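Engineer: whatever this is, show me its structure:
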Amino acid sequence: MQNTLVAPASFTGLGLHSGAPVRMVVKPAPDNHGIWFRRTDLDQNEALIPAIWDAVVPSRLCTLVANAAGTSVSTIEHVMAALAGCAIHNALIEIDGPEVPILDGSAVPFVAGFLAAGLKAQSAQVRTIRVLKPVEVRDGEAVARLEPSENLEIDFSIDFAEAAIGRQEKVLNMANGAFVRELSDSRTFCRADDVTAMRARGLALGGTLENAVVFDGDRVLSPGGLRYIDEPVRHKMLDALGDLALAGGPILGRYTGIRAGHALTNRLLRALFAAPDAWRYDDCGAATGKKLPGVGVHQGDLPARQ
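Structural biologist: Residues are numbered from 1 along each chain as shown. Okay, the predicted model is just below:
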């Protein structure tokens, strides 16, 4: 069955890149509605934006969706990951600005808000996207690949020159509450040199040491250090789930990311849907439904620091 929220969940914070205050309310939606954003600061005729793969517009450092009128919302990856990780298939996200609030740099504030609001089963059946054959895209040393699997798995590896990051890899079966328990509180990260460069270009104006992990060589500058020794690769997996959620339904397949980012994962979805023999829609039966991300998740799955 498809799921939505019992009651609205509200979030207020700064946009990571704009530094502007944003208020966002995630509201329940009916069967087969999908995930949509509505810009409450704009004329109603131009305000609705679908959270779907072919609405993604190339953007530096985040995932941005736009409608035909050019109305956009950016930095959607964390809230999309939280929705997918809580098995929420239908929601209307009202937002009074062009960027989702960064909050603590992870998805866990969204997850906690959704679980506090409550989740409700709906009557419509979930339609999954089953990967039938491998599909891969590359950009230099970066690789993103989907291949057949009975449930969603994410296999990610990163390799940074900074000693505090280095090479990290992790594989996770995303069934049930795995996202909430293992990935949801992993924060976005960057290098100290990148912060200076981004701000010179008018980006990361809302970034602080409290909403991003900042690395400088072998040092972690953010107070309290890392939440996990491999927090960077966990966050990359969080981002991947959020970007894969733009497929329009839960994916049954194994995603492999090697130095991949938002743009490459979107290219992968475009390549998948451009190959009719590489995928199909499946109505989700009870056995498969039990293995989807977020099915059966509850507040006890939240990381202990919550």
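
Engineer: so who does residue 126 touch?
Structural biologist: Residues in contact with residue 126, defined by CB atoms under 8 Å, 6 or more residues apart in numbering, are 1-2, 89, 249-250, 283-284, 289, 292. Every residue, glycine included, has its C-beta placed from N, CA and C.

Engineer: narrow those to those in helices?
Structural biologist: The helices, defined by DSSP state H, take in residue 289 from the contacts of residue 126.

Engineer: out of the contacts of residue 126, which end up buried?
Structural biologist: Using 16 or more other CB atoms under 10 Å as the burial test, the contacts of residue 126 include 1-2, 89, 249-250, 284, 289, 292 as buried.

Engineer: look up how far residue 135 lies from residue 147.
Structural biologist: According to CB to CB, to the nearest Å, residue 147 and residue 135 sit 8 Å apart.

Engineer: with residue 274 instead?
Structural biologist: 9 Å.

Engineer: likewise residue 166?
Structural biologist: For residue 166, the distance to residue 135 equals 29 Å [CB to CB].

Engineer: more crowded one of these two?
Structural biologist: residue 135 (21 against 13; other CB atoms under 10 Å).

Engineer: next one, pLDDT for that one please.
Structural biologist: Looking at residue 135, its pLDDT stands at 98.

Engineer: go on, residue 192?
Structural biologist: We note a pLDDT of 78 for residue 192 in this prediction.

Engineer: do the same with residue 205
Structural biologist: Residue 205 is assigned a pLDDT of 57 by the prediction.

Engineer: which other residues reach stretch 128-135?
Structural biologist: The contact list for stretch 128-135 (CB under 8 Å, 6+ apart) reads 145-149, 247-254, 268, 271-272, 275, 277-284, 288, 292.

Engineer: selecting buried members of those residues in PyMOL, what would you type?
Structural biologist: Filtering the contacts of stretch 128-135 down to the buried ones (16+ other CB under 10 Å) takes a single PyMOL command:
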select buried, resi 145+146+147+247+248+249+250+251+252+253+254+268+271+272+278+279+282+284+288+292
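
Engineer: how deep is the closest residue to residue 69 other than its chain neighbours tucked in, by neighbour count?
Structural biologist: Excluding the flanking residues, the one nearest residue 69 by CB to CB, 6 or more residues apart in numbering is residue 46, at 4.1 Å. The local packing of residue 46 (other CB under 10 Å) involves 13 other residues.

Engineer: got the contact list for residue 46?
Structural biologist: Contacts of residue 46 (CB under 8 Å, 6+ apart): 39, 67, 69, 71.

Engineer: between the residues you listed, which is nearest residue 15?
Structural biologist: Comparing these against residue 15 with CB to CB places residue 39 closest, at 13.2 Å.

Engineer: surely that closest one touches residue 70?
Structural biologist: No. Using CB atoms under 8 Å as the test, residue 39 is too far from residue 70 to be in contact (11.3 Å).

Engineer: settle it for me: which of those two has more neighbours?
Structural biologist: residue 39 (21 against 8).

Engineer: who's in contact with the more buried one?
Structural biologist: 46-47, 49, 71, 73, 95-98.

Engineer: one more pass at 10 Å, please.
Structural biologist: 46-49, 67, 71-73, 93-98 (CB atoms under 10 Å, 6 or more residues apart in numbering).

Engineer: which strand residues bridge it?
Structural biologist: residue 95 (DSSP bridges).

Engineer: measure it to residue 208 for me?
Structural biologist: Shown here: residue 39 relative to residue 208, a distance of 25 Å by CB to CB.

Engineer: now do residue 140
Structural biologist: Separation of residue 140 from residue 208 (CB to CB): 31 Å.

Engineer: who's more crowded, the two?
Structural biologist: Neighbour totals were compared for residue 140 and residue 208, and residue 208 leads with 15 against 6 (other CB under 10 Å).

Engineer: pLDDT wise, what is that one at?
Structural biologist: We have a pLDDT of 75 for residue 208.

Engineer: how's this structure carved up into domains?
Structural biologist: 3-121, 127-301 (automatic domain parsing).

Engineer: lowest-confidence stretch among these?
Structural biologist: Averaging pLDDT over each of these puts domain 127-301 lowest, since it has a mean of 92.

Engineer: got the end-to-end distance for that domain?
Structural biologist: By CA to CA, to the nearest Å, the extent of domain 127-301 from end to end equals 25 Å.
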